[in-house]
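S.K.: I'll drop the sequence and a predicted model, then ask my questions.
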Amino acid sequence: MLRFLVRRVIFGVVVLWIVATVVFAMYFIAPHDVARTLAGRQANAETVAAIRHNLGLDRPILSQYGSFLWKALHGNLGYSYSNSESVTSLIGHGLPVTVSLVVGGALLWLVLGVTTGVLAATRPRSVVDRTTTGFALFFYSMPTFLLGEVLLLLLFFRLHLVGIDWFPGAGFVPFSENPLQWARYLILPWLTIALVTAATYIRLTRGSMLEVMGEDYIRTARAKGLRKRRVIYRHGLRAAITPVLTQFGIDVGTLLGGAIVTENVFGLPGLGQLVISSLAKQDLPTVIGLVLLASAFVVVANIIVDILYSVLDARVRLS
């Protein structure tokens, strides 16, 4: 186990280094002048040169690259070009919002997707199976922004017209201030992200369970007289859950880097909105910091998933 963890951590560090190098090359070596963009079209050459010097863009590329890596290793992602605030501080403001959205949505889509997938797999070709398959296909084809707008129309706007204010339309309340209001403001975003994502988990769980339930050891367990519920959940689901875990790690890691569509539909001040605003302003340090953060989330999530494999499936051994 220890050797596996060491190898995976080293591999993750290499991946992050490659991502950092590629992003640095895209933004600092590519043929465009950041200083000219920040100065504006009417700025003279002296103003552009002063901005370039203040940002350190007049130094040799290797010097900039070495300084960039050294600061990143120490958690210093630089300062925003647009407001001179540290990138770490900007990320710190948006991260709790995004984590709140992703954690709640992930719990919903995992429970909904896995339980519905198991239900469909244990009753193949039945009405339940066909209904859940249709449900999964419908929401799998539904764009996230469209589902969010529909939920806002039905559960916020229509109810608000008749004096029912159960579901806020936008905003965020920190968990530390009021847990009930925190959940109330996130119900619609949770439902949006969960319904769209759960469709994938229904299909994954159903397909994996159908394959596993035909294995010899499952037939042996049934022949021994074990209860159906024990066979399904103790033996079948534990073996069938591995592809679901793989997808779960990718989805959670990616969304933690910024659930862009959902946050913009519901006006959540998370990392997704920070990504959009930073790209619009060409705020390169903030964009690079967000890319590195998203990459780190994906790497860590995959390491955790690999460890969980050996816990849930006895056939998997880490070496």
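M.R.: Good, I have the coordinates.
S.K.: Walk me through the domains of the chain.
M.R.: Residue ranges for the domains of the chain, per automatic domain parsing: 2-73, 95-312.
S.K.: Can you tell me the centre-most residue of the chain?
M.R.: What sits nearest the mean C-alpha location of the chain, by CA atoms, centre = their mean, is Leu255, with 1.4 Å.
S.K.: what's the helix or strand for it?
M.R.: Leu255 is located in helix 242-256, with elements delineated by DSSP states H and E.
S.K.: need the strands for the stretch 51-200 of the chain, in chain order.
M.R.: Here the stretch 51-200 of the chain has no strands by DSSP state E, counting those that start in this stretch.
S.K.: Sketch out the low-pLDDT regions of it for me.
M.R.: 55 (pLDDT under 70).
S.K.: if I look at Gly289, how far off is Val102?
M.R.: 18 Å (CB to CB, to the nearest Å). To be clear about C-beta, it is placed using only N, CA and C from the backbone, and glycine gets the same treatment.
S.K.: ok, now Leu271?
M.R.: 10 Å.
S.K.: Between those two, which contacts overlap?
M.R.: Jointly contacting Leu271 and Val102 under the rule CB atoms under 8 Å, 6 or more residues apart in numbering are 256, 259.
S.K.: where exactly do the helices run in the stretch 1-150 of the chain?
M.R.: Under the criterion DSSP state H, counting those that start in this stretch, the stretch 1-150 of the chain carries helices at the ranges 2-24, 34-39, 45-54, 61-73, 87-121, 127-140, 144-151.
S.K.: ok, residues contacting the fourth one?
M.R.: Meaning helix 61-73. Residues from elsewhere that reach helix 61-73, judged by CB under 8 Å, 6+ apart: 17, 20-21, 24, 28-29, 56-57, 59, 77-78, 292.
S.K.: ok, now with 10 Å
M.R.: Helix 61-73 is contacted by residues 16-17, 20-21, 23-25, 28-29, 55-60, 76-78, 285, 288-289, 292 when judged by CB atoms under 10 Å, 6 or more residues apart in numbering.
S.K.: is it true that Ser82 touches Lys281?
M.R.: Yes - at 4.7 Å, Ser82 and Lys281 qualify as touching, with contact defined as CB atoms under 10 Å.
S.K.: Number of residues surrounding the nearest residue to Asp58 once chain neighbours are set aside?
M.R.: Of all residues beyond its chain neighbours, the one nearest Asp58 is Arg52 (5.0 Å), with distances taken as CB to CB, 6 or more residues apart in numbering. If you count neighbours by other CB atoms under 10 Å, Arg52 ends up with 18.
S.K.: If anything else comes up later, I'll come back, but that's it for now.
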